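Peer 1: Sequence first, predicted model second:
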2 protein chains.
Amino acid sequence: MRCVADETNKRTLPTTGWAVLGLLSFGEELSGYDLKKRSDLCLRFFFSSPSFSQIYSELKRLEKAGYATSRRISHDTGTRDKRVYRITEEGSAAVREWARQAPVDPPVLKHGPMLRLWLGHLLDPAQMREVLLRQRDFAEDMRLRAAADAAQDGPAGAYPAVTLKWAERYYASERDLAAVMLDDLDDLDEFGRRDPGQSIRSPS
Amino acid sequence: MRCVADETNKRTLPTTGWAVLGLLSFGEELSGYDLKKRSDLCLRFFFSSPSFSQIYSELKRLEKAGYATSRRISHDTGTRDKRVYRITEEGSAAVREWARQAPVDPPVLKHGPMLRLWLGHLLDPAQMREVLLRQRDFAEDMRLRAAADAAQDGPAGAYPAVTLKWAERYYASERDLAAVMLDDLDDLDEFGRRDPGQSIRSPS
DNA sequence: ACTAACATGTAAAGCGTTACATGATTTA
DNA sequence: TAAATCATGTAACGCTTTACATGTTAGT
């Protein structure tokens, strides 16, 4: 039931569409390339950054819906043109309406590392540790990025800053969860795995 | 570059395919419907449960790849048949190989609530609080489910139990993060939002 | 008998990515 | 001037969901 146009040409966008419109909602005139960069910088911490091509197609859809306008920019020096987008009043109203009124859907999580640990009966301890160590390092890396972004005080406005703070805590937690699980696995090995279902350590 | 068959008919599956094969890797003979139920019960905490129809199509692909076999079961009483799947030796080897050798990709997260809070300049405080409260309640609900599943000692094997423990902690963290963010927003309101970028509370 | 819920799928459409093509700018 | 990188897109394909179709079982 997505993207049904009603008589006023309003549209229900995929969440990624709202994300792109949200990036435009600060008022700047941006190209698809710019938007991808912004997305990688700002959104990635809580919303897997969409590919270039999806950003381009979302922009076309936004323009068709009347939520954005575009214009070509010709470089004086070269010949290659580019197209930049700006949010419209309609677009501002629509994204505000979405942010205010849309139902609060649960976050979507596809946690490959956990899936593999769930299949621990197929692995040996060293391999499971390897997966967890990488996951822990990834989380710590993300945490540091979020912290760095927050520190340089670049985020435009108070709310992006608050979400960066959230991201810092989120990835700290992911890191710690991986560490705790490494301990749990150590305990499993210690008890020889002879007692499945009971052998996880006593309630922390 | 997914699903390219090499000369031995081996395939690179989408992660969801490995998840389905993983569900079969405990040795049971299961129907698509069974697998969906299992998925909702066990995998959901860390891997958004795929739809019925995707499970059915993954099963077809698994069979084609030689990773599973199926047979029809006719009910004596009624006429409606069903098809049940069982993992093959090839399938066991393949999923084990995947779990052991695949690169550790970062988890995929699409956190709608955080996206909306990032767009806080479009909302008023009451609406932001509403989003966070729902997110907090959702997380607590998930935490309770994971805890209940872990308590009833049903999980087949030690590793599913360990991942349930992980899930319990993960959703506890999500709940707490929402709560902390509610506090952060209170502080923002207190300071009158006159000082964007600085007005988040002192480092916790 | 009627309804709701359980169960088993197929078909169509939309979401999202990877691969490809192309031109401009910098750097070695 | 050659290669690498930045930049701007399009085309093809695969993943995933929603909508649809259909039969079965259990409750009322």
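Peer 2: It's in. Please read all numbers here as calculations on a predicted model, not as lab measurements.
Peer 1: In a helix, A:E28, correct?
Peer 2: No - A:E28 sits outside any helix when classified using DSSP: H, G, I helix; E, B strand; the rest coil, being coil.
Peer 1: can you pull out the helices in chain A?
Peer 2: Taking DSSP state H, the helices of chain A run over residues A:15-24, A:32-38, A:52-64, A:89-101, A:112-118, A:125-151, A:158-190.
Peer 1: Mean neighbour count and mean pLDDT for the ones you listed - can I get that in CSV?
Peer 2: In short, each C-beta sits where N, CA and C put it, glycine included. Listed next are the helices of chain A as CSV, based on neighbours: other Cβ atoms under 10 Å in any protein chain shown; pLDDT from 0 to 100:
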stretch, mean neighbour count, mean pLDDT
helix A:15-24, 24, 97
helix A:32-38, 18, 95
helix A:52-64, 18, 96
helix A:89-101, 17, 96
helix A:112-118, 25, 97
helix A:125-151, 17, 94
helix A:158-190, 20, 93
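Peer 1: Mind putting the ones you listed into JSON lines with distance to B:S173?
Peer 2: Shown next, in JSON lines, are those (distance: least, Cβ to Cβ, whole Å):
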{"stretch": "helix A:15-24", "distance to B:S173": "23"}
{"stretch": "helix A:32-38", "distance to B:S173": "27"}
{"stretch": "helix A:52-64", "distance to B:S173": "30"}
{"stretch": "helix A:89-101", "distance to B:S173": "25"}
{"stretch": "helix A:112-118", "distance to B:S173": "14"}
{"stretch": "helix A:125-151", "distance to B:S173": "12"}
{"stretch": "helix A:158-190", "distance to B:S173": "4"}
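Peer 1: how close does A:D137 sit to DNA strand D?
Peer 2: Noted for A:D137: a distance of 24 Å to DNA strand D, by Cβ to the nearest atom of the strand, to the nearest Å.
Peer 1: I meant to write A:V131 there.
Peer 2: In terms of Cβ to the nearest atom of the strand, A:V131 sits 20 Å off from DNA strand D.
Peer 1: In a markdown table: the helices of chain A, plus distance to chain B.
Peer 2: Shown next, in a markdown table, are those (distance: least, Cβ to the nearest Cβ, whole Å):
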| stretch | distance to chain B |
| --- | --- |
| helix A:15-24 | 5 |
| helix A:32-38 | 12 |
| helix A:52-64 | 13 |
| helix A:89-101 | 4 |
| helix A:112-118 | 4 |
| helix A:125-151 | 4 |
| helix A:158-190 | 3 |
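Peer 1: domain parsing for chain A?
Peer 2: A:15-101, A:112-190 (automatic domain parsing).
Peer 1: Would you mind writing the CA trace of stretch A:97-111 as CSV?
Peer 2: Taking C-alpha atoms only, stretch A:97-111 is exported to CSV below (Å, rounded to 0.1, in the frame of the first residue of the first chain):
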residue,chain,number,x,y,z
GLU,A,97,3.2,15.6,9.1
TRP,A,98,5.0,12.3,8.8
ALA,A,99,7.3,12.9,11.7
ARG,A,100,4.3,13.9,13.9
GLN,A,101,1.7,11.5,12.9
ALA,A,102,3.1,8.3,11.5
PRO,A,103,2.8,5.2,13.7
VAL,A,104,5.9,4.4,15.7
ASP,A,105,7.1,1.2,14.0
PRO,A,106,9.7,-1.0,15.7
PRO,A,107,13.2,-0.6,14.5
VAL,A,108,14.4,-3.1,11.8
LEU,A,109,17.4,-5.1,12.8
LYS,A,110,19.3,-7.7,10.8
HIS,A,111,22.1,-8.8,13.0
